[in-house]
Structure formats: structure tokens, C-alpha cells
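*Asks:* Attaching a predicted model along with its sequence, questions to come.
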Amino acid sequence: MSDPTDRPLRLVLDTSAIAAWTRGSISVGELLAEIDLEPDDWRMLVGLRQILGSADLASAAWNALDTGLDVLTAHSRLYADLGGGSLAIQIED
């Protein structure tokens, strides 16, 4: 994932667009692909979504893996197969 400051902003998605994308909207996906998204980034996100079961978890994992940071979560067991098993920090509430 490249630094967002490297690229000009071309589109803003509101909550309904993001929700549509997480449900697999072809029209949202096609538009995003036309704007200049790296195919390898999409493949990574799709693969993580298949492992984790949701786009929000996949996005968090992808960003953590890309930046070398941890994910703070109440669901660390879901990330157990990523990053050598040490990608997530469990919230202990």
C-alpha cells in the first residue's frame, strides 16, 4: 500500500459506498479499479478478506502487515494465522 500522500485524491466514498463495496458491489469495485488502484493491493485485500471473513478486518490486517504495526482488537484469534501469529494485540476489557 502506497503512502496516500503520493497520489492525488480522486474520489470520496461515504458510508453507503463503503458498505456496498464490502457486500461485493461490482459497480463500486469497477469504479475504484478505474481510478488507479494497484491490482496486487486488491488481490492482497481479497485474500485477507477470505481468511478473516470481512473487509474491515482485512483492511486492518493489510495496513498492519504493510506498515509493520500491530492491530489492536477484541478479536485477536481471528488474526492468529497472519504475521507469524503476532499481528494482533488483544483488548483485555
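*Replies:* Looks like it arrived, so ask away. Residues are numbered from 1 along each chain as shown.
*Asks:* Count the residues that sit near residue 31.
*Replies:* By other CB atoms under 10 Å, 15 other residues sit near residue 31. Every C-beta, even on glycine, is put in place using the N, C-alpha and C of the backbone.
*Asks:* One more: residue 55?
*Replies:* What residue 55 shows, counting by other CB under 10 Å, is a neighbour count of 18.
*Asks:* That one contacts residue 22, doesn't it?
*Replies:* Yes: applying CB atoms under 8 Å, one finds residue 55 in contact with residue 22, separated by 4.0 Å.
*Asks:* Quickly find the element holding the most centrally placed residue in the chain.
*Replies:* Among the residues of the chain, residue 59 comes closest to the average C-alpha position under CA atoms, centre = their mean, at 1.6 Å. Assessed by DSSP states H and E, residue 59 sits inside helix 55-67.
*Asks:* Any buried residues in that helix, and which?
*Replies:* When neighbours are counted by 16 or more other CB atoms under 10 Å, the buried residues of helix 55-67 are found to be 55, 57-62, 64-65.
*Asks:* Residues contacting it, please?
*Replies:* 1, 21-22, 41, 44-46, 48-49, 51-52, 69-71, 73, 75, 78-79, 82-83, 87 (CB atoms under 8 Å, 6 or more residues apart in numbering).
*Asks:* what's the angle between whichever strand or helix holds residue 47 and helix 55-67?
*Replies:* Taking DSSP H and E as the criterion, residue 47 maps to helix 39-52. Counting by axes from the mean of the first three to the mean of the last three CA atoms, to 10 degrees, helix 39-52 points 120 degrees away from the direction of helix 55-67.
*Asks:* For residue 76, see how far away residue 89 is.
*Replies:* 7 Å (CB to CB, to the nearest Å).
*Asks:* Between those two, which is the more surrounded one?
*Replies:* Per other CB under 10 Å, whichever of residue 89 and residue 76 has more neighbours is residue 76, with 17 against 12.
*Asks:* Quick check: phi and psi on that one?
*Replies:* phi -60, psi -30 (degrees, to the nearest 10).
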